[in-house]
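K.L.:
any chance you can model this:
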Amino acid sequence: MSAMPLRAPRPSGNAGLRWRPRLRLVRAPAPARSRLLFLLLCVGILGGAMLGALALNTAMATTAYVLRERQVELARLTESEQQLTATVEQLSSPAQLANQAQRLGMVPAEGLSYIDLETGTISGPAAALVGEGDG
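P.N.:
Numbers count the residues shown, from 1 in each chain. You can find the predicted model right below:
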């Protein structure tokens, strides 16, 4: 054996160049879109829907109170109308009319009298009161 150290032989010339991949310019990746805008949009839509439902519910409750007040008022007016109708019917009964006429000094008619429109004469018991009559 020889005393020379063992070394790998050096390639000579072009043989020493190894194959390397060709380098190219790579653009930086686009920054990821923030999810904050999407999240804010979702929260805004949800909040708007909740406020809309609240406004609708409030309007419906207000309308219900107004409707209830109108129903109570209608019931009172209907009752008042029924009482007034009963009073009118009571006061317009024949017995009440006869009593009121007597208080005013009126007397009952003795019979039926008729007015002849063509001649302008009165026939019947009232003819004697007027002074014009057939009989």
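
K.L.:
CA only for contacts and neighbour counts going forward, please
P.N.:
Fine.

K.L.:
tally of neighbours for the closest residue to I122 other than its chain neighbours?
P.N.:
Closest residue in space to I122, ignoring its immediate chain neighbours: I115 at 4.5 Å, by C-alpha to C-alpha, 6 or more residues apart in numbering. Neighbours of I115 under the rule other C-alpha atoms under 10 Å: 14.

K.L.:
what does the one 3 residues further on give?
P.N.:
As a burial measure, the neighbour count of E118 was computed by other C-alpha under 10 Å and equals 6.

K.L.:
roughly how far does the residue nearest to I122 sit from A109?
P.N.:
I115 sits at a distance of 15 Å from A109 (criterion: C-alpha to C-alpha, to the nearest Å).

K.L.:
state the mean pLDDT of the biggest helix by length in the chain.
P.N.:
The longest helix of the chain (DSSP state H) is helix 35-91. The average pLDDT for helix 35-91 rounds to 96.

K.L.:
shift numbering so it begins at 46
P.N.:
Yep, numbering from 46; the last one is helix 80-136 now.

K.L.:
got a list of contacts for the helix or strand that comes right after it?
P.N.:
Downstream of helix 80-136, the next assigned helix or strand under DSSP states H and E is helix 139-148. Here helix 139-148 makes contact (C-alpha atoms under 8 Å, 6 or more residues apart in numbering) with Q135, L136, V152.

K.L.:
in JSON lines, list those residues along with distance to E124 and neighbour count.
P.N.:
Output for those, formatted as JSON lines (distance: C-alpha to C-alpha, whole Å; neighbours: other C-alpha atoms under 10 Å):
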{"residue": "Q135", "distance to E124": "17", "neighbour count": "13"}
{"residue": "L136", "distance to E124": "18", "neighbour count": "13"}
{"residue": "V152", "distance to E124": "37", "neighbour count": "10"}
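
K.L.:
possible to save the residues you listed as a markdown table with distance to N144?
P.N.:
Formatted as a markdown table, the contacts of helix 139-148 follow (distance: C-alpha to C-alpha, whole Å):
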| residue | distance to N144 |
| --- | --- |
| Q135 | 12 |
| L136 | 10 |
| V152 | 11 |
